[in-house]
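Chemist: Coordinates for the following, if possible.
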Amino acid sequence: MAPMADVTDSAFRQIILSCGKPDIFYTEFVSADGLCSEKGKLKLVPHLAFKKNEKPIVAQFFGANPENFYKCAQLAVEFGFDGIDVNMGCPAGKIVKHDSGAGLILNPELAKEIVRETKRGAASAGWRMPVSVKTRIGYNKIITEEWISHLIEAKPDAIIIHGRTMKEMSKVPAHWDEIGKAAVLCRKAGISIIGNGDIATYEEGVKKAEQYGLDGIMVGRAIFSNPWFFDPTIDPAAKTPKERIELLKKHLGLFTELWGKDKHFDVMKKFFKTYISGFDGAKELRTELMKTRNEQGVMEALRKHAIIELNGIYQDNQRP
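Modeler: Presented below is the predicted three-dimensional model:
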C-alpha cells in the first residue's frame with residue numbers, strides 16, 4: 001500500500017489489516033528536516049507510530065538535506081522499521097520548491113547523495129536496513145531512462161516508479177510503457193522494481209507485474225474505493241450497508257485513539273465516501289457526515305440514519 005499523507009497512519013493501516021493485508025505497509029511521508037529538529041521531532045514522531053501486526057513496514061521521509069536523511073535512517077533502525085523509503089515523487093508545490101519530493105528529479109547529484117547517506121544511516125546498527133526510492137518518470141517531461149540511470153548509480157535496494165511526470169500530476173493515464181523501460185534498467189542492475197499508477201483491482205496489479213517484468217505493484221488511490229483491495233476473494237459490492245458503517249465506526253475510534261484532539265478532525269472526512277457508498281441513502285448520509293465536527297457528531301448522524309432506515313423498513317412492511 002502506497003504512502004499517502006493524512007491517509008496511511010496507523011489507524012487506517014489497522015482498518016486495511018482487518019480487510020486484507022498487503023505485503024508491505026508504508027507510513028505517511030515525514031519531513032526529514034522536521035524530524036531532526038527538537039520541536040519538529042515531538043510533533044512528527046507520532047506519524048511514525050505502528051503496531052507489531054503492521055509489519056513489515058517502511059518509513060518514508062522527504063527532504064533535501066543528506067545529513068538529515070542519515071539521522072532519520074538511524075531513527076528508523078531504532079524504531080524497528082523494516083525499511084526506509086526516500087520520497088522523490090511528491091508533486092505538491094510546497095514540497096518541490098524546496099528541492100524535495102519530485103523536485104529532486106531536477107537535481108540528480110543531490111538525489112544520489114541523499115540515497116547514499118540514507119544507506120549509511122541504515123547500516124549504523126551493524127546491519128543495513130533496505131533503502132528504496134519512490135519517484136516519477138520525469139519532472140516537466142518524460143526522462144525515464146536518464147533519471148532511473150542516475151538513481152541506479154546510488155544503488156538503492158528498490159525503486160518504486162509512478163508512471164507520470166511531476167507536471168502531469170494524476171491528470172493523464174499512467175505511462176506503463178515507461179515503467180517497463182525502468183524495469184529493464186533495474187533488472188540489469190540487480191535492483192528491485194515496483195510499479196505504481198492507476199491499478200484498480202488486485203487482478204490488474206498481478207497482470208501488470210507479469211507484463212512489465214516487475215517485482216511488485218504499489219497501490220494508492222484504489223484503496224479509497226475498496227478497502228478490501230488486498231483480499232481478492234472479497235467482493236466489495238457484496239458488503240452490506242451495516243458492514244460498511246461498522247467499518248467507519250471502527251476507523252473513527254482508532255483515529256480518535258491515535259490522534260485525540262491533536263489532529264484536525266477534517267482529515268477523517270476524506271474517508272467517508274470509502275465506507276458510505278454503494279447503497280440507498282449513502283449520498284444523503286455522506287452529506288450529513290460532512291457537516292460533523294467531531295466523533296460525537298458522526299455517531300449522532302449514524303444514529304439518525306439508523307432510525308430512518310428502521311422506520312422505512314417498518315413502513316414498507318405495513319404496505320399491502
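
Chemist: which stretches of the stretch 1-150 of the chain have low pLDDT?
Modeler: Within the stretch 1-150 of the chain, the ranges that satisfy pLDDT under 70 run 125.

Chemist: Would you map out the domains in this structure?
Modeler: Domains of the chain are assigned by automatic domain parsing as 23-218, 237-318.

Chemist: what about the helices in the stretch 101-250 of the chain?
Modeler: In the stretch 101-250 of the chain, the segments counted as helices under DSSP state H, counting those that start in this stretch are 108-122, 144-153, 176-189, 202-212, 222-225, 241-259.

Chemist: Mind putting the ones you listed into JSON lines with distance to Tyr275 and mean neighbour count?
Modeler: Bear in mind the C-beta positions are built from the backbone N, C-alpha and C, glycine included. Shown next, in JSON lines, are these (distance: least, C-beta to C-beta, whole Å; neighbours: other C-beta atoms under 10 Å):
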{"stretch": "helix 108-122", "distance to Tyr275": "36", "mean neighbour count": "21"}
{"stretch": "helix 144-153", "distance to Tyr275": "37", "mean neighbour count": "18"}
{"stretch": "helix 176-189", "distance to Tyr275": "30", "mean neighbour count": "18"}
{"stretch": "helix 202-212", "distance to Tyr275": "20", "mean neighbour count": "16"}
{"stretch": "helix 222-225", "distance to Tyr275": "10", "mean neighbour count": "17"}
{"stretch": "helix 241-259", "distance to Tyr275": "4", "mean neighbour count": "17"}
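
Chemist: before we move on, the earlier item: nearest to Phe229, out of the domains of the chain?
Modeler: Nearest of the domains of the chain to Phe229, taken as C-beta to C-beta: domain 23-218 at 6.2 Å.

Chemist: thinking again about what came up before, which among the helices of the stretch 101-250 of the chain is found nearest to Ile234?
Modeler: That would be helix 202-212 among the helices of the stretch 101-250 of the chain, by C-beta to C-beta, at 9.7 Å.

Chemist: hang on, the earlier thing: would you tell me which one of the domains of the chain is buried the most?
Modeler: domain 23-218 (a mean of 19; mean count of other C-beta atoms under 10 Å).

Chemist: what distance separates the start and the end of that one?
Modeler: 10 Å (C-alpha to C-alpha, to the nearest Å).

Chemist: how near is the closest residue to Met268 other than its chain neighbours to Pro227?
Modeler: Using C-beta to C-beta, 6 or more residues apart in numbering and skipping residues adjacent in sequence, the residue nearest Met268 is Phe255, 5.4 Å away. Per C-beta to C-beta, to the nearest Å, Phe255 is found 14 Å from Pro227.

Chemist: cool, and Phe69?
Modeler: For Phe69, the distance to Pro227 - C-beta to C-beta - is 32 Å.

Chemist: picking that back up, a markdown table for the helices of the stretch 101-250 of the chain, including distance to Glu28?
Modeler: Listed next are the helices of the stretch 101-250 of the chain as a markdown table, based on distance: least, C-beta to C-beta, whole Å:
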| stretch | distance to Glu28 |
| --- | --- |
| helix 108-122 | 18 |
| helix 144-153 | 23 |
| helix 176-189 | 24 |
| helix 202-212 | 22 |
| helix 222-225 | 14 |
| helix 241-259 | 12 |
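
Chemist: Tell me which of these lies nearest to Met290.
Modeler: helix 241-259 (13.0 Å).

Chemist: Show me what the closest one packs onto, helices and strands only.
Modeler: helix 10-19, helix 266-269, helix 272-275, helix 295-318 (3 or more C-beta pairs under 8 Å, 6 or more residues apart in numbering; DSSP states H and E).

Chemist: between that helix and helix 10-19, how big is the angle?
Modeler: 150 degrees (axes from the mean of the first three to the mean of the last three C-alpha atoms, to 10 degrees).
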